[in-house]
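Engineer: Sharing a model prediction with you, sequence too.
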Amino acid sequence: ATDVRAVEDGTPPEVIAHRGASAHAPENTLAAVDKAAALGAVWVENDVQRTKDGALVVLHDDSLRRTTDVEEVFPGRAPWKVKDFTAAEISRLDAGSWFGASYAGARVPTLRQYLHRVDLHHQKLLLELKNPELYPGIEGQTLKLLSNEGWFDRRHENRLVVQSFGVAALRTVHELKPGVRTGLLGKPAVADLPAYADFADQINPSYTALSAAYVSAVHAFTGPHGRPLEVSAWTVNTAEAARRVAGYGVDGIITNEPGVVRDALAG
Ligand code: G3P
Ligand code: CA
């Protein structure tokens, strides 16, 4: 498969496993990456944050409470923010039992561990900088880790997009590493797209308020790498919604159910 979908050429959208195959395995764990691979997802999406002692870890919420047993292990540490725990403390937590007993003992992965697992499956990564305003300098730190792990080598060409709701963070990523593809989360007004097209290759909105007209409007702009801006929509979990959104002409579909979406697009 090509890495960049030729806009409006009839190629089906890329299927991107949201927090891994998160309908089937605990979100943002290595098990969710494995499950995405088993379901044939070429792309996985994750959420990157930072610990108290400066380690990059993969977790969606700014608190550890919902997806780990942190309340039991560290009862006096409410509200259990990622930024208030060390990497060693977080490595003790169970990030799987909340989802199902068969996942007991799953861990919150470090970004390094996560990159290795994605690599193992030869997958591609839509990496979200989550809450970047909480973690000054996380843009450069993440790029440095990616570089150290070989993600800017030829072997990894076209296998990475960095996305964020944070406009400033995304602009910083582009300035620090202009070759990296980036995605701005949200649905900005069409009038604002020229400014975003200076540093964002993708505009990635919720599918709920999306339309064919908006997707076409985005495609009409040229991104920082000289190609039309792309659109990946989230979080699309049914066959019916996947077919509808594909009909809008999106380039990517971000889903907890990569198997369902893949089958819907094929059928
Ligand atoms: O990839 C898009 C989606 O992940 C953005 O929302 O809250 O699931 O990170 P959220
Ligand atoms: Ca995300």
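Structural biologist: Arrived safely, thanks for sending. Ligands and ions are numbered 1, 2, ... in the order given.

Engineer: can you count the residues close to the residue of the stretch 51-200 of the chain found nearest ligand 2?
Structural biologist: Residue nearest to ligand 2 within the stretch 51-200 of the chain: residue 128 (4.1 Å; C-beta to the ion). Where C-beta positions appear, they are placed from N, C-alpha and C, glycine not excepted. Other residues near residue 128 come to 25 when the count uses other C-beta atoms under 10 Å.

Engineer: bridging residues for it?
Structural biologist: Legend: beta-bridge partners of residue 128 under DSSP bridges are residue 47, residue 163.

Engineer: give the contact list for it.
Structural biologist: When contacts are counted by C-beta atoms under 8 Å, 6 or more residues apart in numbering, residue 128 touches 45, 46, 47, 48, 162, 163, 164, 185.

Engineer: who in the protein is up against ligand 2?
Structural biologist: Within reach of ligand 2 by C-beta under 5 Å from the ion, the chain has these residues: 47, 128.

Engineer: related to what we said a few turns ago, let me have the contacts of residue 128 in JSON lines, extended by pLDDT and distance to residue 62.
Structural biologist: Shown next, in JSON lines, are the contacts of residue 128 (pLDDT from 0 to 100; distance: C-beta to C-beta, whole Å):
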{"residue": "45", "pLDDT": "99", "distance to residue 62": "18"}
{"residue": "46", "pLDDT": "99", "distance to residue 62": "15"}
{"residue": "47", "pLDDT": "99", "distance to residue 62": "10"}
{"residue": "48", "pLDDT": "99", "distance to residue 62": "12"}
{"residue": "162", "pLDDT": "98", "distance to residue 62": "19"}
{"residue": "163", "pLDDT": "99", "distance to residue 62": "17"}
{"residue": "164", "pLDDT": "99", "distance to residue 62": "14"}
{"residue": "185", "pLDDT": "98", "distance to residue 62": "16"}
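
Engineer: Tell me which residue lies nearest the centroid of the chain.
Structural biologist: Centroid check for the chain by C-alpha atoms, centre = their mean gives residue 45 as the closest residue, at 3.0 Å.

Engineer: I'd say that residue and residue 254 touch.
Structural biologist: Yes: Residue 45 lies in contact with residue 254 (C-beta atoms under 8 Å); the separation is 5.7 Å.

Engineer: With that, I have no additional questions.
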